[in-house]
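K.L.:
Provide a 3D model corresponding to the input given below.
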Amino acid sequence: MIWFFNESSVDRAKVFSIDDVEVPAELVKKHGYTPGNKQEVISLAKEVEELIGPTLQITCIADADCDRVLDSVTICDHLFLTDYTSMELYLFHPAPMRKFIGLVLQQGKVDTEQMLERYVQPLREVFLLRAALRSLDIPSGMVDFTKCLNDQGAAIEIDLAELVNRVLNKGNARNRREEVFERIKELAVAERQDCRHSIYGHDFVAMLNWEYGKVANKRGIMGETGVLHGLVGCLEYAIVIEEPLFRNCLTRCG
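P.N.:
Residues are numbered from 1 along each chain as shown. So this is what the prediction gives:
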């Protein structure tokens with residue numbers, strides 16, 4: 001966000017990570033949440049609203065995650081949610097992907113539109129599984145889903161049954177398997193047309209690392225964190241300036 005404001009010639013805005021702000025556990029609990037970065041951001045926004053009312057001076061930004069699919073969006077004057085499930089999904093776009101694959105990884109010409117299309121279905125299935133676990137209040141016990149992927153060339157398939165078994169085994173919830181699959185079916189009906197509403201950003205980065213990790217390592221880009229940082233560097237201002245979240249942030253800066 002600092003980069004975005006600099007590119008927009010805005011010097012009034014100050015940007016802080018939630019790690020730079022002390023949000024007491026008692027405050028998070030007061031607003032009905034459990035510990036976590038997102039919960040701290042939302043709790044801070046709600047506390048500010050209680051203390052000083054509606055003002056444009058403080059704005060908190062949190063990932064939407066699966067809130068829209070689960071119809072659990074928090075409404076607060078001081079809170080903006082990402083347009084998609086998370087900040088990483090602004091990178092789920094052919095343009096920065098072309099730059100990352102061609103310039104950073106030096107892999108020549110790649111049809112990044114087709115590449116992203118191959119990612120959509122398996123990533124959606126992982127998203128729905130995560131959303132189902134959350135809505136059913138089942139301890140996630142999430143495992144490395146990339147171990148259940150199979151590259152078929154034109155498509156990437158995921159063995160969802162195997163992934164669910166591994167997740168429930170790890171979370172000691174094997175007896176809830178049928179319940180999870182039923183909930184996945186229900187949530188699939190609520191999916192939005194734009195796939196970025198039903199893909200988790202960290203899962204996208206994990207899949208990109210799964211496919212290009214060895215190439216990235218040869219370029220000195222290590223692991224999912226390195227891949228993410230390399231991809232962020234390929235983000236283009238012309239893309240984000242068209243997104244509601246970024247436009248709204250500019251509006252608030254006057």
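K.L.:
Going by C-alpha atoms from here, please, whenever you check contacts or count neighbours.
P.N.:
Will do.
K.L.:
May I have the phi/psi pair for residue 61?
P.N.:
Torsion angles at residue 61 (phi, psi; degrees, to the nearest 10) stand at phi -120, psi 130.
K.L.:
which regions of the stretch 51-200 of the chain sit below the pLDDT cut-off?
P.N.:
55-56, 191 (pLDDT under 70).
K.L.:
Can you show me the helices along it?
P.N.:
94-99, 112-135, 160-170, 177-189 (DSSP state H, counting those that start in this stretch).
K.L.:
any chance of these in a markdown table, plus mean neighbour count and distance to residue 31?
P.N.:
Compiled in a markdown table, the helices of the stretch 51-200 of the chain are given as follows (neighbours: other C-alpha atoms under 10 Å; distance: least, C-alpha to C-alpha, whole Å):
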| stretch | mean neighbour count | distance to residue 31 |
| --- | --- | --- |
| helix 94-99 | 20 | 38 |
| helix 112-135 | 19 | 19 |
| helix 160-170 | 18 | 30 |
| helix 177-189 | 15 | 27 |
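K.L.:
Pipe those into a markdown table and attach distance to residue 204 per row.
P.N.:
Formatted as a markdown table, the helices of the stretch 51-200 of the chain follow (distance: least, C-alpha to C-alpha, whole Å):
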| stretch | distance to residue 204 |
| --- | --- |
| helix 94-99 | 12 |
| helix 112-135 | 7 |
| helix 160-170 | 16 |
| helix 177-189 | 19 |
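K.L.:
Can you tell me which of those helices is nearest to residue 23?
P.N.:
For residue 23, the closest of the helices of the stretch 51-200 of the chain is helix 112-135, at 23.8 Å, according to C-alpha to C-alpha.
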